[in-house]
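J.: A predicted structure for the sequence below; I have some questions about it.
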Amino acid sequence: MARLLFTNVKVFDGSDGPALPGEVLVEDNLITRVEHTVGAIEAPDAERIDGKGAFLMPGLVEAHSHLSYGNVATLEQQGDIPPEENVLNTIKAAELMLMSGFTSLYSAASARMRTDVVVRNAIDSGQFPGPRIRAASPEITCTGGLGDARLYHQDRTTFSLIADGELEMRKIIRTAWREGVDVIKLNLSGDGFVRPGNGEQTAYTEQEVAAAAQEAQLRGLWMAAHARSDSSVKLALKYGFRNIYHCDYIEGETFDLLEEKKDSIFLAPAIGMIYASVHEGSPWGLTPEVNEVIGYKKMLDTCPGVYAELQKRGLRIMPGGDYGFAWNPIGNNARDLEHFVELLGFSPTYTLMSATKWGGECMGIDNLGMIKEGWLADVLLVDGDPLDDIRILQDRDNIVMVLKDGVIHKRDLRYFDPAAADRGATVETAERIA
């Protein structure tokens, strides 16, 4: 059984409290002791890791992951990627996310029916390094909805599955359950990205949503909604969706309805995609004029007000910003933490709590997301203090150690042994450590 003693570290436990000096003992895959007095833990047979004052925190959780989207520039490009290449690209993206400090991913849709499932299973069985994953279906959408790129004269695919009517909805969810997904993703609203004004429209009828919810709930599947319009958010709440993404156009009583369900739902504004589209999307055709037409500039302006009100009402608001497109690529996911602080006005402590403690709750794992005795040893050691500057988590070189489930997946020898750089040593991965 592996035993690791972290000493001389500043411990952020995942709550809304401060980071305090201390020591943490890891045995096998669990945190077994946390003390806030250096030298309080006696563990002579444990490997002693001197953190040199580094910041020790829970692993990050991405609440809106599109691990298999391949950083495409158009929806149709996703459909052009063969499934074999898609799986290989997703495996590489999973390792990148783990090295970036994300030890868990809650998928908000897979590019193919089985991509999330296959990669989740391969990681769980130890074939490849990567975060633990809650695997999702592709985005289920209606004819003409977000993700339907077909033309009457030309059949094209993206990351979506088309389901119209109650019978098709039931069949596609039964199929997703058969293939092993954890989460059903349903595009309840459209999106201005594909059709101006579409984000304010609700895509499905209530009867279709009710049928989807019944099938998912019968099979123990969680449901996530792409829901920008006010009425789509109301449908998600009425039919027991667990994750509701965006909420851009909510108003009036919808704030009250969300507050009533605050203990059973998770929200993610996915502001990373909106920010990158507005400020960095021009090379891919997302010029200032286009962003005005599709509504993204307006959403970027109104999002802080919407989420300030939701935060005040006690909703669990989590980072996760639709990373997986050319102008918003996978691996940049920690930018959402900066957006939470700089754009939404949340404190760094609240932001880290949302990405750790609430992340564990979102994953549905009771002992994930905190540095506490008896909790899973998903641990990051960070050179620098994210509570002073949340941006340091965007630089992977600042993340000098990554543990997932008690296994060291990254150890930057340059931090622990400066002379190692002279010997050509840099970063140990799990394979080298083993």
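T.: Happy to help now that I have it.
J.: number of nearby residues for the residue lying closest to Ala225 once chain neighbours are set aside?
T.: Nearest residue to Ala225 in three dimensions, chain neighbours excluded: Ala236, at 4.2 Å (C-beta to C-beta, 6 or more residues apart in numbering). Where C-beta positions appear, they are placed from N, C-alpha and C, glycine not excepted. Close neighbours of Ala236, defined as other C-beta atoms under 10 Å, add up to 29.
J.: Check Met113 too.
T.: Counted with other C-beta under 10 Å, the neighbours of Met113 add up to 19.
J.: Okay, it and Ala73: tell me how far apart.
T.: With the distance defined as C-beta to C-beta, to the nearest Å, Met113 ends up 23 Å from Ala73.
J.: re the thing from before, what about the residue nearest to Ala225, helix or strand, and which?
T.: Taking DSSP states H and E as the definition, one finds Ala236 inside helix 230-238.
J.: From the chain's centroid, how far away is that helix?
T.: Centroid displacement of helix 230-238 relative to its chain, using C-alpha atoms, centre = their mean, to the nearest Å, is 22 Å.
J.: I'd like to know which elements it is packed against.
T.: Applying 3 or more C-beta pairs under 8 Å, 6 or more residues apart in numbering; DSSP states H and E, one finds that helix 230-238 contacts helix 206-218, strand 222-227, strand 243-246, helix 253-260.
J.: List the strands paired with the second one, with their directions.
T.: Right, strand 222-227. According to DSSP bridges, strand 222-227 forms sheet pairs with strand 183-187 (parallel), strand 243-246 (parallel).
J.: okay if I get these as TSV plus distance to Glu139 and mean pLDDT?
T.: Compiled in TSV, the strands paired with strand 222-227 are given as follows (distance: least, C-beta to C-beta, whole Å; pLDDT from 0 to 100):
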stretch	distance to Glu139	mean pLDDT
strand 183-187	5	98
strand 243-246	11	98
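J.: So for Thr7, which of those strands sits nearest?
T.: Ranking the strands paired with strand 222-227 by proximity to Thr7 (C-beta to C-beta) places strand 243-246 first, at 38.0 Å.
J.: Report the distance from that closest one to the chain centre.
T.: That offset, for strand 243-246, works out to 12 Å (C-alpha atoms, centre = their mean).
J.: tell me which residues of it are tucked away?
T.: Neighbour counts using 16 or more other C-beta atoms under 10 Å place 243-246 of strand 243-246 among the buried residues.
J.: still on that earlier bit, identify all contacting residues around the helix holding Ala236.
T.: For helix 230-238, contacts defined as C-beta atoms under 8 Å, 6 or more residues apart in numbering pick out 188-189, 202-204, 206, 209, 223, 225, 227, 244, 247, 249-252, 254, 257-258, 261, 265.
J.: swap in stretch 204-213?
T.: Residues contacting stretch 204-213 (C-beta under 8 Å, 6+ apart): 140, 142, 163-166, 169-170, 173, 184, 186, 188, 223, 235-236, 238-241.
J.: try 6 Å this time
T.: 142, 166, 169-170, 173, 186, 188, 235, 239-240 (C-beta atoms under 6 Å, 6 or more residues apart in numbering).
J.: Then stretch 249-259?
T.: With contacts defined as C-beta under 6 Å, 6+ apart, stretch 249-259 is touched by 200, 228-230, 233-234, 237, 309, 313.
J.: Nearest to Lys357 among these?
T.: Closest approach between those and Lys357, by C-beta to C-beta: Arg313, at 18.5 Å.
J.: Just the pLDDT for the closest residue to the closest one other than its chain neighbours.
T.: Of all residues beyond its chain neighbours, the one nearest Arg313 is Glu259 (4.3 Å), with distances taken as C-beta to C-beta, 6+ apart. Note on Glu259: pLDDT of 98.
J.: residue boundaries of the helices in the stretch 101-250 of the chain?
T.: Per DSSP state H, counting those that start in this stretch, the stretch 101-250 of the chain carries helices over the ranges 115-124, 165-179, 206-218, 230-238.
J.: For the nearest residue to Ala54 once chain neighbours are set aside, list each beta-bridge partner.
T.: Nearest non-adjacent residue to Ala54, counting by C-beta to C-beta, 6+ apart: Leu381, 5.0 Å away. Legend: beta-bridge partners of Leu381 under DSSP bridges are Leu56, Met401.
J.: Now do the contacts for Ser354.
T.: Per C-beta under 6 Å, 6+ apart, neighbours of Ser354: Met318.
J.: again, but for Gly384
T.: By C-beta under 6 Å, 6+ apart, the contact set of Gly384 is 392, 398.
J.: Next up, the contacts around Pro138.
T.: 109-110, 159-161.
J.: if we go to 8 Å?
T.: With contact taken as C-beta under 8 Å, 6+ apart, Pro138 is in contact with 109-113, 147, 159-161, 185.
J.: Repeat that for Thr158.
T.: By C-beta under 8 Å, 6+ apart, the neighbours of Thr158 are 75-76, 78-79, 147-149.
J.: And it, what's its pLDDT?
T.: You'll see Thr158 listed with a pLDDT of 85.
J.: Okay, the spatially most central residue of the chain and Val407: tell me how far apart.
T.: What sits nearest the mean C-alpha location of the chain, by C-alpha atoms, centre = their mean, is Glu62, with 2.0 Å. Distance, Glu62 to Val407, using C-beta to C-beta: 19 Å.
J.: ok, now Gly360?
T.: In terms of C-beta to C-beta, Gly360 sits 18 Å off from Val407.
J.: Show me which of the two is the more surrounded one.
T.: Gly360 (22 against 17).
J.: Isn't the more buried one up against Ile371?
T.: No - using C-beta atoms under 8 Å as the test, Gly360 is too far from Ile371 to be in contact (11.3 Å).
J.: hey, what's in contact with both of the two?
T.: With C-beta under 8 Å, 6+ apart, Gly360 and Ile371 have common neighbours 14, 58.
J.: Spatially nearest residue to Ala9, not counting backbone neighbours?
T.: Rather than Ala, residue 9 is Val. Nearest non-adjacent residue to Val9 (C-beta to C-beta, 6+ apart): Gly51, at 3.7 Å.
J.: Tell me who's in contact with the one you found.
T.: Residues touching Gly51, when contacts are defined by C-beta under 8 Å, 6+ apart, comprise 6-10, 381.
J.: Now distance to Asp417 too, for the helices and strands packed on helix 230-238, in CSV please.
T.: Shown next, in CSV, are the helices and strands packed on helix 230-238 (distance: least, C-beta to C-beta, whole Å):
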stretch, distance to Asp417
helix 206-218, 50
strand 222-227, 44
strand 243-246, 42
helix 253-260, 50
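J.: Can you say which of these is nearest to Ile274?
T.: Taking C-beta to C-beta, strand 243-246 is the member of the helices and strands packed on helix 230-238 nearest to Ile274, at 9.1 Å.
J.: Alpha carbons only: can I get the closest one in PDB?
T.: Taking C-alpha atoms only, strand 243-246 is exported to PDB below (Å, rounded to 0.1, in the frame of the first residue of the first chain):
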ATOM      1  CA  ASN A 243     -27.300  19.700 -15.100                       C
ATOM      2  CA  ILE A 244     -28.600  22.800 -16.800                       C
ATOM      3  CA  TYR A 245     -26.100  24.700 -19.000                       C
ATOM      4  CA  HIS A 246     -26.200  28.300 -20.100                       C
END
